[in-house]
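S.K.: no letters, just coordinates:
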């Protein structure tokens, strides 16, 4: 027996049709949808500040709406998603309304929360947790800037509990990406929470599918060999020992082979012998992958060690403002002219009293996208001038955003592309990587029907 | 800006680009970047163990101004993982570069020149793949 867990979203902004195409073209037990990159929560925290009923991944509602026919037709299909973001309760209510409109108001929705530590930071610091920065070693108390969000990466256990309580759809706040897969697997197979080897195997499968099509031909150097327009999203067929086969729907585009799976295994990892999740400390160096059929790769042998005593916390703080502007520069010596344009802009800004803590000038096309590797090619006629600034004072960044267009009439000949509007000024949220002892965090699980969520205040 | 052009001696007939014998994927971890390099064959992996050191990768990507580069080995996957510390000029939210998350690095490392190994044909991509 195996359980088929698919992933139809790898980040907030991923293809909106992929989840529906997945459930229509493959037999799936669990559809996972992953929406929270490292700093997505700080953006969602800002949405919630402006509107108390916002702060979750609204794309999920569009996706859920497209999935209601499949939910009605496939009674075994369940959904597990971290779309709840900073506001899983509001997300559940909105999801409940979509289910109700589709005649599915009896379906149970589970909400996993308790990851949001923002309101508790002072209490936790008083209790002795200093939220030391994992890179610099400094305690959070030394940070003067306001904290925007602080969320513990919770694990698979509350997800499994929600499923145990009958949830058809599980909506979480911040959980480890791999836990979206480990939760359903542990629930289906009844694994113990110290069964490190099986939890490790499921974590590897979760890691492989968490970025969607990156396991099935996305981000692949041999992209010329495959059809990416109709790329299939990944399915992990997990067995009771935590080993898996990674595959994709029959007839879909893309490819699943040793290469795509190996690439995704090493994607965004540090020490491969210690891939840390809240559920288990996974050893990727013991994993073996083998092609076992067309678009099928078996993944076996992951070893696990006891889970860390702490949860990782993604904490974000305000760090001033940034803006980026671009302009096309055409010339026999385009990089030289582009740099002259940047100098003119900064001279005018300086004359207006604006200076910047950090700034960067790139001549894209002249070999600067990866600095230092390649010089500009002979005969180059155009570059994209890209200027970015970062500064605590919003006014200075706003002034920068207004200083590009004037070059159209008061700069050198041979400029274009300034007509697309002024650069957008955006607040910067910087990342403070830290830990919190598990004992100080209480995951909460609430399961009730869509009708009950709709009626709740 | 510091720049290093690939010279004729880098790319002459005595070298091959890394992509002849390996493929790669890269991404971000905070302000650090990682590049996983996967050999097409076990023979290629053995060769890379000697030829593709952390120092070689640090030298190749000197323009990123990393604070250091660490190498990890995954022999069963025929893979090496390189962690490039402080490579992203601020990381995803603060980087002033167009490649905020190090996504270009796996394509960039494909050009890294390596001395031609004696048994090159045992390291190249098997035709059956994909």
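M.R.: Cool, got the structure. Quick caveat: nothing in here was measured; it's all calculated off a predicted structure. Residues are numbered from 1 along each chain as shown, chains lettered A, B, ... in the order given.

S.K.: mind listing the strands for the stretch 1-150 of chain A?
M.R.: A:2-7, A:30-33, A:78-81, A:108-113, A:147-152 (DSSP state E, counting those that start in this stretch).

S.K.: now the element after the last one, going C-ward?
M.R.: Going down the chain from strand A:147-152, the next helix or strand is helix A:157-164, by DSSP states H and E.

S.K.: can you name the residues in contact with that next one?
M.R.: A:78, A:80, A:110-112, A:114, A:170, A:172, A:175, A:179-180, A:182-184, A:186-187, A:193, A:279, A:443-445, A:447 (CB atoms under 8 Å, 6 or more residues apart in numbering or on different chains). For every residue, glycine as well, the C-beta is placed using N, CA and C.

S.K.: chain B: which of the strands of the stretch 1-150 of chain A is closest?
M.R.: Closest to chain B of these is strand A:147-152 (CB to the nearest CB; 10.9 Å).

S.K.: would that closest one count as contacting chain B?
M.R.: No - legend: contact between strand A:147-152 and chain B by CB under 8 Å from any CB of the partner chain is lacking; minimum distance shown is 10.9 Å.

S.K.: contacts for that strand next, please.
M.R.: With CB under 8 Å, 6+ apart as the test, strand A:147-152 has contacts from A:41-42, A:44-46, A:86, A:114-118, A:121, A:131, A:140, A:173-174, A:311-318, A:429, A:432, A:436, A:441.

S.K.: end-to-end on stretch A:409-426?
M.R.: The stretch stretch A:409-426 measures 27 Å between its terminal residues, going by CA to CA, to the nearest Å.

S.K.: a markdown table for the strands of the stretch 1-150 of chain A, including mean pLDDT and mean neighbour count?
M.R.: Output for the strands of the stretch 1-150 of chain A, formatted as a markdown table (pLDDT from 0 to 100; neighbours: other CB atoms under 10 Å in any protein chain shown):
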| stretch | mean pLDDT | mean neighbour count |
| --- | --- | --- |
| strand A:2-7 | 98 | 24 |
| strand A:30-33 | 98 | 28 |
| strand A:78-81 | 98 | 27 |
| strand A:108-113 | 98 | 24 |
| strand A:147-152 | 96 | 25 |
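
S.K.: look up phi and psi at whatever residue of chain A ends up closest to chain B.
M.R.: Nearest to chain B in chain A, going by CB to the nearest CB, is residue A:372, at a distance of 1.7 Å. Torsion angles at residue A:372 (phi, psi; degrees, to the nearest 10) stand at phi 90, psi -10.

S.K.: same question for the one 10 residues further on.
M.R.: Here is the backbone geometry of residue A:382 (degrees, to the nearest 10): phi -150, psi 150.

S.K.: same deal with residue A:357?
M.R.: phi -60, psi -50.

S.K.: any idea how far it is from residue A:393?
M.R.: Per CB to CB, to the nearest Å, residue A:357 is found 9 Å from residue A:393.

S.K.: on that earlier part again, among the contacts of helix A:157-164, which are in strands?
M.R.: Under the assignment DSSP state E, those contribute A:78, A:80, A:110-112, A:170, A:172, A:444-445, A:447 to strands.

S.K.: how about the helices in the stretch 251-400 of chain A?
M.R.: Taking DSSP state H, counting those that start in this stretch, the helices of the stretch 251-400 of chain A run over residues A:258-265, A:334-351, A:394-401.

S.K.: most tightly surrounded among those helices?
M.R.: helix A:258-265 (a mean of 24; mean count of other CB atoms under 10 Å in any protein chain shown).

S.K.: over it, what's the mean pLDDT, rounded is fine.
M.R.: Helix A:258-265 shows a mean pLDDT of 98.

S.K.: just stretch A:224-240 next, same as before
M.R.: Mean predicted confidence for stretch A:224-240 is 98.

S.K.: what about it, how long is it end to end?
M.R.: Using CA to CA, the end-to-end distance of stretch A:224-240 comes to 37 Å.

S.K.: same question, stretch A:367-386
M.R.: End to end - CA to CA - stretch A:367-386 spans 13 Å.

S.K.: ok, and what's touching the helix ranked longest in chain B?
M.R.: Longest helix in chain B, counting residues (DSSP state H): helix B:42-51. Residues outside helix B:42-51 that contact it (CB under 8 Å, 6+ apart): B:21-22, B:37, B:39, B:73, B:75, B:78-80, B:114-115, B:117, B:119, B:122-124.

S.K.: mind listing what's buried along it?
M.R.: By neighbour count on 16 or more other CB atoms under 10 Å in any protein chain shown, the buried set for helix B:42-51 is B:43-48.

S.K.: low-confidence regions, chain B specifically.
M.R.: B:1-13, B:128-130 (pLDDT under 70).

S.K.: in contact with residue B:55, which residues?
M.R.: Residues near residue B:55 by CB under 8 Å, 6+ apart: residue B:69.

S.K.: name the element it belongs to?
M.R.: Remark: residue B:55 resides in helix B:54-60, with elements defined by DSSP H and E.

S.K.: report how many residues lie close to residue B:124.
M.R.: Residues near residue B:124, counting by other CB atoms under 10 Å in any protein chain shown, number 14.

S.K.: what's the burial count for the closest residue to residue A:433 other than its chain neighbours?
M.R.: Nearest non-adjacent residue to residue A:433, counting by CB to CB, 6 or more residues apart in numbering or on different chains: residue A:134, 4.4 Å away. Counted with other CB under 10 Å, residues neighbouring residue A:134 total 13.

S.K.: okay, residue A:134: pLDDT?
M.R.: pLDDT for residue A:134: 93.

S.K.: is the closest residue to chain A within chain B in a helix, a strand, or coil?
M.R.: Here chain B gets closest to chain A at one residue, residue B:63, 1.7 Å apart by CB to the nearest CB. The three-state label given to residue B:63 by DSSP: H, G, I helix; E, B strand; the rest coil is helix.

S.K.: just confirm it contacts residue A:369, I think it does.
M.R.: No - using CB atoms under 8 Å, residue B:63 makes no contact with residue A:369, being 10.7 Å away.

S.K.: scan chain A for its longest strand.
M.R.: Per DSSP E, chain A has its longest strand at strand A:310-330.

S.K.: which other helices and strands does it contact?
M.R.: helix A:40-50, strand A:147-152, helix A:334-351, strand A:382-391, helix A:394-401, strand A:415-416, strand A:426-437 (3 or more CB pairs under 8 Å, 6 or more residues apart in numbering or on different chains; DSSP states H and E).

S.K.: ok, back up a step: what sits against the residue nearest to residue A:433?
M.R.: Residue A:134 touches A:433-435, counting by CB under 8 Å, 6+ apart.

S.K.: and it, how far from residue B:30?
M.R.: Relative to residue B:30, and taking CB to CB, residue A:134 is found at 9 Å.

S.K.: over to residue A:102: give its phi and psi.
M.R.: Backbone torsions for residue A:102, taken as degrees, to the nearest 10, come to phi -90, psi 10.

S.K.: ignore what I typed, I meant residue B:88.
M.R.: Dihedral pair for residue B:88: phi -110, psi 20, per degrees, to the nearest 10.
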